[in-house]
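Participant: Compute the structure for the input listed below.
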Amino acid sequence: MTPDSRKPTPSDESQADHLSDALQHLSSAVESESIATGAAKGLVYSVMETLGTLIGDPDLPEHARSGYEGLLETARELRARLEGGSAGDDN
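Facilitator: Just a heads-up that it's a prediction; the model follows:
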């Protein structure tokens with residue numbers, strides 16, 4: 001019996017969870033200014049590249065693609081904050 005490719009596999013769910021956790025951790029580090037802006041930009045870029053590769057997989061179930069697209073939007077928002085130079089500013 002072959003697994004149903006439309007159902008999420010534990011690895012799909014855990015990978016999304018790990019990427020979500022990474023973005024949350026990175027966002028917290030940016031807010032607390034405990035990471036250099038250049039390093040944060042590099043990490044966000046890497047996460048975005050990974051998400052883009054996952055989203056581009058033609059065998060990816062649609063519900064998983066939707067979740068990864070949501071994470072990609074979160075990463076884009078974080079990148080915009082970093083590029084705007086407003087990370088950690090209180091004014």
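Participant: contacts and neighbour counts: CA atoms only from here.
Facilitator: Noted.
Participant: Determine which residue lies closest to the centroid of this protein.
Facilitator: Leu71 (4.4 Å; C-alpha atoms, centre = their mean).
Participant: now that one, nearest residue through space, not along the chain?
Facilitator: Ser20 (6.6 Å; C-alpha to C-alpha, 6 or more residues apart in numbering).
Participant: Next, count neighbours for the one you found.
Facilitator: Using other C-alpha atoms under 10 Å, Ser20 has 20 neighbouring residues.
Participant: And Ser11, what's its pLDDT?
Facilitator: Ser11 is assigned a pLDDT of 67 by the prediction.
Participant: what stretches of this protein score poorly on pLDDT?
Facilitator: 1-12, 85-91 (pLDDT under 70).
Participant: ok, and for the host helix or strand of Ser27, which residues are buried?
Facilitator: Using DSSP states H and E, Ser27 maps to helix 10-31. Neighbour-count burial for helix 10-31, counted by 16 or more other C-alpha atoms under 10 Å, picks out 16, 19-20, 23, 26-27, 29-30.
Participant: in the protein, which spans are helices?
Facilitator: 10-31, 37-55, 62-84 (DSSP state H).
Participant: now the angle from the last one to helix 10-31?
Facilitator: By that I understand helix 62-84. Angle of helix 62-84 versus helix 10-31, following axes from the mean of the first three to the mean of the last three C-alpha atoms, to 10 degrees, is 20 degrees.
Participant: Check the shortest one too.
Facilitator: Comparing the axes of helix 37-55 and helix 10-31 via the same axes, to 10 degrees yields an angle of 160 degrees.
Participant: Counting by contacts, list what helix 37-55 packs against.
Facilitator: helix 10-31, helix 62-84 (3 or more C-alpha pairs under 8 Å, 6 or more residues apart in numbering; DSSP states H and E).
Participant: between these, which one is nearest to Val44?
Facilitator: When the helices and strands packed on helix 37-55 are compared by C-alpha to C-alpha, helix 62-84 sits nearest Val44, at 6.3 Å.
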